[in-house]
Structures are given as C-alpha cells and as structure tokens.
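*Asks:* Okay, predicted coordinates and the sequence, questions at the end:
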Amino acid sequence: MKTGCLLLSSLLAVLPAAAEYRPAAANLAARQWFQDARFGLFIHWGVYSVLGDGEWVMNNRKIPVEEYEKLPPQFNPTKFDAAEWVSLVKAAGMRYITITSKHHDGFAMFDSKLTDWDIVDRTPYKKDVLKMLADECHKQGIKLFFYHSHLDWHHPDYYPRGRTGRNTGRPESGEWYRYLDFMDGEIRELLTNYGEIGGIWFDGWWDKPTADWRLEKTYKLIHDLQPAALIGNNHHRLPFEGEDFQMFEKDLPGGKTAEFNKDAQVGKLPLETCETINKAWGYNQNDQQYKSTRELVHYLVRAAGHNANFLLNVGPRPDGTIQPEFSERLREIGGWLRANGESIYGTRQGPVAPRDWGVTTQKGKKVYVHLLKLEDEVLALPKLPGKITRAALVNGAKVEYGETNLGVLLKVPLAGRDPLDTVVTLELQ
Ligand code: FHN
C-alpha cells in the first residue's frame with residue numbers, strides 16, 4: 001500500500017497542475033451583464049435546413065459525407081436579412097443571440113481559411129452570414145455568442161469516432177490532435193475576425209466523454225484573445241475549470257426532467273437554460289408542435305426564478321427567413337416584457353423558492369411575485385427579508401396584503417389578472 005501511495009504522489013508531482021483559472025475583471029463584468037440580460041435567442045442554422053428534417057439529419061439518415069456534400073450547393077439563403085433578425089430579437093425583448101458557427105455536420109457558417117467546408121466556398125450564396133450578423137449586432141447593441149460543436153461528423157481527423165456519426169463513410173483513421181488544432185484554429189478565427197464576441201457555447205463533448213479534448217488549451221486561447229468572452233460547455237456536468245457559465249437544456253436548473261440531465265447538478269456560475277419553440281432545434285418542416293406564448297413566458301419567468309437566463313431557439317428556413325409561428329411568439333413575449341420587464345431584467349432569484357403557483361425574483365429592495373398558476377385569490381408566503389412598504393401590480397393597482405410573524409398573505413382578485421403572468425411588486429424596507 002505504501003509503495004502505491006508513494007508512486008501516486010510522485011506521479012502527481014510531475015503532472016502539470018492545472019493552472020487555476022482566474023477570470024479577468026472584464027470577464028467578471030461580462031458575467032454580471034449576462035445574468036442581468038436574462039433572455040436570448042438561440043439560432044440553429046445550417047445546410048441541413050435544406051432537407052427540413054432537423055440538424056441531426058446527417059446522422060439520423062446515415063448520410064455519408066460524399067452525399068451530404070451535395071447539400072451546400074442547394075443552400076442559397078437570398079432572403080437572409082441580418083437587420084431583420086436583430087430587429088426581431090429586440091422586439092422580443094432579447095438581449096443576446098447565440099448562433100451555430102459550426103454544428104455537428106462540421107459545416108462552417110462563416111468564411112474559414114482552414115477549410116473550404118464553409119458557406120462562402122461551398123454555396124451559391126457565397127457570403128459570410130456570421131460577419132453580416134456580427135456587424136448588425138454591434139450596430140444595434142445586441143451581444144453575439146457562437147455555438148461551436150466539438151463533435152464533427154465531416155472532418156476526417158475526428159478519430160477515433162465518438163458515439164455518433166458512425167455512418168459517414170470516413171476512413172477508419174485520423175489524427176485526433178490535428179482535429180483539435182483545426183477546431184482551435186476555427187475558434188481563433190471566430191474570436192479574431194468578428195469583433196467583440198459575447199462568448200462560445202460548446203456542445204458535443206458528450207460524444208467522446210473520455211477523450212482528451214484539451215479543453216484547457218482551447219479555453220486559454222479564447223480568454224487570451226477576448227478575456228470577456230464567456231465560455232459555456234453543454235456537457236451536462238458541473239462546470240469544468242475555465243468555464244464562465246453553466247447551461248441546461250430542455251430543463252430548468254436542477255430539474256432533471258430530461259434524460260441527459262439526470263446527473264446534472266447546479267454549479268455556482270451564471271446559469272442559462274435553453275428550449276425550442278416547437279420540438280426541433282434545426283428547421284423541421286413537419287414539426288408543428290408549437291408551445292404557446294403563455295408556455296414560453298412561463299419558461300422565461302421560471303428560469304429567472306431559478307436564477308437562470310432563458311435561451312429560446314429558432315431554426316431558420318433554408319431561404320434565410322424565420323417562420324411566422326416563431327416570429328409571432330417572439331413579438332408576443334416582447335409585448336409582455338415591455339410591460340413587465342422590470343421583474344425579469346437585472347433580477348436574481350427571489351427569497352421564496354420556486355413553487356407550482358409561480359416564482360419570485362428580486363432586485364434590490366423589490367421582490368417580484370410571479371403568479372403563474374394560482375387559482376385562489378389569496379397567496380400565503382413565508383416571512384420575507386424585510387417589512388413590506390408597498391404592494392402593487394405593474395399597472396399600479398394596489399394589492400391588499402397582511403403580515404404576521406408567520407408570514408405574508410397577498411390578495412390578488414382573479415379579475416384583472418394577466419393571462420400570461422400576474423406580477424405583484426413588493427417593496428421592502
Ligand atoms: O446535439 C445537440 C442538438 O443538436 C442541439 O444543438 C442541442 C441544443 O442544446 N444540443 C445537443 C443535444 O443535447
């Protein structure tokens with residue numbers, strides 16, 4: 001036993017200690033901005049949209065690379081209008097965009113000098129849509145994040161293969177670290193050629209969970225190029241060293257309702273949860289299962305009640321337009337936020353834990369009680385961290401309340417409730 005311990009301690013002595021990540025002041029400020037922003041648009045867009053069957057079509061239909069390479073010549077998004085997209089984002093009350101720079105099919109939606117497997121070299125459209133979007137975001141004051149897939153079903157050096165992408169017809173060979181160098185090279189391009197970037201949203205680590213992903217090197221590259229850029233990695237684990245926020249997918253933080261979240265624990269970093277409007281991330285012409293605006297507002301509010309941002313997804317069509325079922329809902333959410341945004345933007349989770357009836361959010365001495373599902377006229381709350389000096393609806397109508405040493409009673413008549421979410425503002429002394 002002694003020998004084993006001696007061997008382990010001497011081995012640990014020679015292993016390079018992972019340098020502890022110390023976020024720059026600009027990064028810490030960016031984290032505060034991120035948490036205050038509370039609401040963003042997720043965009044899954046790629047050549048897969050030509051088939052109208054989601055972003056996993058290459059894997060699900062077992063399409064080999066040489067077949068899949070026939071898609072880009074059919075992708076010509078002549079109706080793409082960056083100003084229209086960013087204006088829709090602002091009309092929705094969103095503060096940032098996270099768009100796929102590269103999804104699992106490996107196709108770069110930007111002009112990469114490291115490969116011709118990209119939108120400029122392989123499509124009749126020949127324009128760098130990420131550059132167009134980045135310029136418009138900088139012009140309209142919307143932060144831009146890039147979703148970048150670790151996993152790659154097209155690159156020959158993504159080898160050994162992972163759990164997915166096993167029917168792509170690639171040779172059973174490849175240089176793993178040459179693939180990582182390629183991936184780091186594209187990350188360098190994204191953080192060099194597109195101005196200030198909000199951050200990188202990684203996904204696909206789970207395809208090879210035991211591989212040496214060399215995350216420390218990639219994360220250092222990002223933070224060296226843009227210290228304020230926030231790194232998130234959708235690995236469904238507690239955050240790794242070097243990450244700046246933690247995301248959850250199709251689940252509120254700690255919800256564990258989605259299979260891949262069963263082991264997910266909530267860490268200490270800023271939080272974000274992402275969800276689709278129908279069921280698909282990438283454009284799916286057959287998916288008509290749209291969530292109602294009420295459901296989407298509830299998701300946004302419940303996320304805020306869990307101290308998390310809400311990243312709501314659209315999958316644009318191959319012509320570059322966003323379908324009306326999505327844009328209508330986004331505008332309706334924006335309408336609710338124009339009246340109630342004070343209870344979401346810049347808040348943190350409130351003093352009362354999320355409940356079935358709703359959640360609380362808080363900003364300074366104001367506590368916002370969000371009545372999402374309350375059939376009764378009276379709501380009992382536990383004691384609050386201060387005496388109430390005022391209770392009112394967002395329209396200013398006073399709310400009757402009572403305080404005892406047991407807690408607080410609010411009386412909110414059914415008449416005059418907001419069908420999406422009735423917010424009661426409590427001012428505490
Ligand atoms: O495989 C991806 C999927 O295509 C999509 O990008 C979602 C969005 O969070 N993430 C992965 C599934 O967990």
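*Replies:* Good, I have the coordinates.

*Asks:* Show me the shaky parts of the protein.
*Replies:* Residues of the chain that meet the criterion pLDDT under 70 lie in 1-19.

*Asks:* What segments of it are helices?
*Replies:* For the chain, helices defined by DSSP state H occupy the ranges 2-14, 25-37, 57-60, 65-68, 82-91, 119-122, 129-140, 176-192, 215-225, 293-305, 324-340.

*Asks:* Take the ones you listed and lay them out in JSON lines including mean neighbour count and distance to Asp376.
*Replies:* Every C-beta, even on glycine, is put in place using the N, C-alpha and C of the backbone. Listed next are the helices of the chain as JSON lines, based on neighbours: other C-beta atoms under 10 Å; distance: least, C-beta to C-beta, whole Å:
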{"stretch": "helix 2-14", "mean neighbour count": "8", "distance to Asp376": "59"}
{"stretch": "helix 25-37", "mean neighbour count": "17", "distance to Asp376": "32"}
{"stretch": "helix 57-60", "mean neighbour count": "20", "distance to Asp376": "47"}
{"stretch": "helix 65-68", "mean neighbour count": "16", "distance to Asp376": "56"}
{"stretch": "helix 82-91", "mean neighbour count": "18", "distance to Asp376": "35"}
{"stretch": "helix 119-122", "mean neighbour count": "19", "distance to Asp376": "54"}
{"stretch": "helix 129-140", "mean neighbour count": "19", "distance to Asp376": "43"}
{"stretch": "helix 176-192", "mean neighbour count": "18", "distance to Asp376": "51"}
{"stretch": "helix 215-225", "mean neighbour count": "17", "distance to Asp376": "49"}
{"stretch": "helix 293-305", "mean neighbour count": "22", "distance to Asp376": "18"}
{"stretch": "helix 324-340", "mean neighbour count": "17", "distance to Asp376": "21"}
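
*Asks:* Reformat those as a markdown table; add distance to Asn284.
*Replies:* Formatted as a markdown table, these follow (distance: least, C-beta to C-beta, whole Å):
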| stretch | distance to Asn284 |
| --- | --- |
| helix 2-14 | 49 |
| helix 25-37 | 28 |
| helix 57-60 | 9 |
| helix 65-68 | 17 |
| helix 82-91 | 19 |
| helix 119-122 | 21 |
| helix 129-140 | 20 |
| helix 176-192 | 26 |
| helix 215-225 | 31 |
| helix 293-305 | 18 |
| helix 324-340 | 12 |
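
*Asks:* out of those helices, which comes closest to the ligand?
*Replies:* Shortest distance between the ligand and the helices of the chain, using C-beta to the nearest ligand atom, is found for helix 57-60: 9.1 Å.

*Asks:* if we can go back for a sec, take the helices of the chain and write them to CSV, including distance to the ligand.
*Replies:* Shown next, in CSV, are the helices of the chain (distance: least, C-beta to the nearest ligand atom, whole Å):
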stretch, distance to the ligand
helix 2-14, 34
helix 25-37, 17
helix 57-60, 9
helix 65-68, 16
helix 82-91, 18
helix 119-122, 18
helix 129-140, 17
helix 176-192, 16
helix 215-225, 17
helix 293-305, 14
helix 324-340, 16
